[in-house]
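A.B. asks: 3D, please:
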Amino acid sequence: MWDFLRKRSLTQWIVVSLFVGVSIGYFDPELGKSLKPFSDVFIRMIQSIVGPILFGTLVMGIAGHGDDLKRVGRLALRSLIYFEIVTTVALFVGLLAVNLMKPGIGIALDKPAATGQQLAGNQATFGALLQHMVPKSFFEALANGEVLQIVFWSVLFGAALTMVKGKPKEAMLGFVEGVTETIFKFVGIAMKYAPIGVAAALAATVGASGIKVLQNLGMLVLTLYGALIVFALVALYPVCLIARVPIRRFLKAVKEPALIAFSTTSSEAGLPLAMQQMESIGVPRRIVAFVMPTGYSFNMDGTTLYLSLASVFAAQAAGIDMPFGQQLIMVFTLMLTSKGVAGVPRASLVILSGTLATFGLPLEAIAVILGVDVFMDMARTTMNLVGNALASVVMARWEGEFNPPPEARAAA
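C.D. replies: As a prediction, the model looks like this:
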């Protein structure tokens, strides 16, 4: 029995905790509500790693590849422009979907509607947000969880580090890399506690809101899947047509790595095969080797769509009527904070935590969402992989180096 329990994956334990938490909240609402401190422990652990992870990954992403970016020059610039356009479309599709479907309406989190209205009224203007981005002290920004300030300072630090030469640069990069790797392990430890945090969060939520909360979570999952389909139709399909991508051959090549990503909920698990498959359909190795790994920092289509959707879901669940203008500011924040953390386990959880904290939204929503996150993770990681594979083909076309095999050209 012990061996059986020990061999269960974290995903399996989270699914079990979902049912345990719902059962406790349904059959004994008072007990469910009393378990909330166990959920708070999990949330506080996640909050504590946001700053270090953003700093480490952004500095490594900029300074660690600075020389490569200079060498590839034009390809780097074109890739980054493409990534930013596509991920921005993904953010807005998620924003539109969550405003149309309103999956968070009806959930009762800690903050009542009156408090939510007050929080919404206190949101900063765009000008104030720009001013607030610059920290007086980096360590103060870390202590207070000021995500935008951490991003701003880390980007400047990374840019400055690219100008440093020799051993000082190597020493600093080694330190930052060591911190980042350690934080990755910290995330892994924190996620071991996730089943307890999820069970406690759902028990408290069901105890307060009743079993109807499951309808909202089911609607959230369906909204994400629907939004990803819309994104593929309004963004990726037109890109295929504009770049003259051989759609049938591309889909055949990307099918197997996409299935790996879907079943393992890990974009990286399908990356090696996806890179091989893109080479097999005519993308030069140098383009595949640059575009796809870079895309896992800057072109996470599924994750960015999910982040905009989940953030507004949290506002709806807290009874916060967030004006569309404030949602646009939040999208701008997500555009900055969603870069560079793809290698982090549950990276979207980290970014979502920072975004909710920045805009005064209830962090309790994270633990509630995590109960069904495995179902959403399957879809968004698949979209991440497909989007990056497509980006490599588009860049090959843009560079005039796409060279499909003879049989493919004959078929075309």
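A.B. asks: Could you check how far residue 362 is from residue 387?
C.D. replies: Remark: distance between residue 362 and residue 387 (C-beta to C-beta, to the nearest Å) = 30 Å. Where you see a C-beta, it was placed from the backbone N, CA and C, and this is true even at glycine.
A.B. asks: Give me the more crowded residue out of the two.
C.D. replies: Neighbour count, other C-beta atoms under 10 Å: between residue 362 and residue 387, residue 387 has more, with 26 against 23.
A.B. asks: Model confidence for the more buried one, exactly?
C.D. replies: Note for residue 387: predicted pLDDT of 95.
A.B. asks: what's the answer for residue 158, then?
C.D. replies: For residue 158, pLDDT reads 83.
A.B. asks: That one contacts residue 56, correct?
C.D. replies: No: here residue 158 does not reach residue 56: they are 10.2 Å apart, not a contact under C-beta atoms under 8 Å.
A.B. asks: Sort out which residues of the helix or strand where residue 237 lies are buried, please.
C.D. replies: Element membership for residue 237 (DSSP states H and E) is helix 237-242. Within helix 237-242, the residues that qualify as buried are 239, 240, counting by 16 or more other C-beta atoms under 10 Å.
A.B. asks: Would you confirm that residue 403 contacts residue 282?
C.D. replies: Yes: assessed by C-beta under 8 Å, residue 403 is found in contact with residue 282 at 4.6 Å.
A.B. asks: What are the boundaries of the strands in the stretch 51-200 of the chain?
C.D. replies: In order along the chain, the stretch 51-200 of the chain carries no strands (DSSP state E, counting those that start in this stretch).
A.B. asks: where in it is pLDDT low?
C.D. replies: The model of the stretch 51-200 of the chain has pLDDT under 70 over residues 61, 64-73, 108-130, 132, 147-148.
A.B. asks: which residue is nearest the middle of the protein?
C.D. replies: Most central in the chain under C-alpha atoms, centre = their mean is residue 348, positioned 3.1 Å from the mean C-alpha point.
A.B. asks: What score does the residue lying closest to that residue once chain neighbours are set aside have for pLDDT?
C.D. replies: The spatial neighbour of residue 348 that comes closest, neighbours along the chain excluded (C-beta to C-beta, 6 or more residues apart in numbering), is residue 303 at 5.0 Å. Residue 303 is assigned 87 on the pLDDT scale.
A.B. asks: okay, now the residue lying closest to residue 336 once chain neighbours are set aside: neighbour count?
C.D. replies: Counting by C-beta to C-beta, 6+ apart, residue 151 is the residue found nearest to residue 336 once chain neighbours are left out, at 5.1 Å. The tally of other residues near residue 151 (other C-beta under 10 Å) stands at 22.
A.B. asks: for the stretch 301-412 of the chain, which spans come out with low pLDDT?
C.D. replies: Along the stretch 301-412 of the chain, the model assigns pLDDT under 70 to residues 338-347, 350, 407-412.
A.B. asks: Just the helices from it, written as ranges.
C.D. replies: 301-317, 324-337, 347-358, 364-370, 373-398, 406-411 (DSSP state H, counting those that start in this stretch).
A.B. asks: highest average neighbour count across those?
C.D. replies: The highest average neighbour count among these, using mean count of other C-beta atoms under 10 Å, belongs to helix 301-317 at a mean of 28.
A.B. asks: can you tell me which of the helices of the stretch 301-412 of the chain comes nearest to residue 82?
C.D. replies: helix 373-398 (6.2 Å; C-beta to C-beta).
A.B. asks: ok, now which ones touch the residue lying closest to residue 359 once chain neighbours are set aside?
C.D. replies: Distances taken as C-beta to C-beta, 6+ apart place residue 330 nearest to residue 359, at 5.7 Å, with adjacent residues excluded. Residues counted as contacts of residue 330 (C-beta atoms under 8 Å, 6 or more residues apart in numbering) are 308, 311, 312, 322, 355, 359.
A.B. asks: Tell me the one of those nearest residue 223?
C.D. replies: Comparing the contacts of residue 330 against residue 223 with C-beta to C-beta picks out residue 312 as the nearest, at 10.3 Å.
A.B. asks: show me the contacts for that closest one.
C.D. replies: Applying C-beta under 8 Å, 6+ apart, the residues near residue 312 are 95, 98, 99, 104, 322, 327, 330.
A.B. asks: Which of the residues you listed are buried? Put it as a ChimeraX command.
C.D. replies: If you want just the buried ones from those in ChimeraX, going by 16+ other C-beta under 10 Å, the selection is:
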select :95,98,104,322,327,330
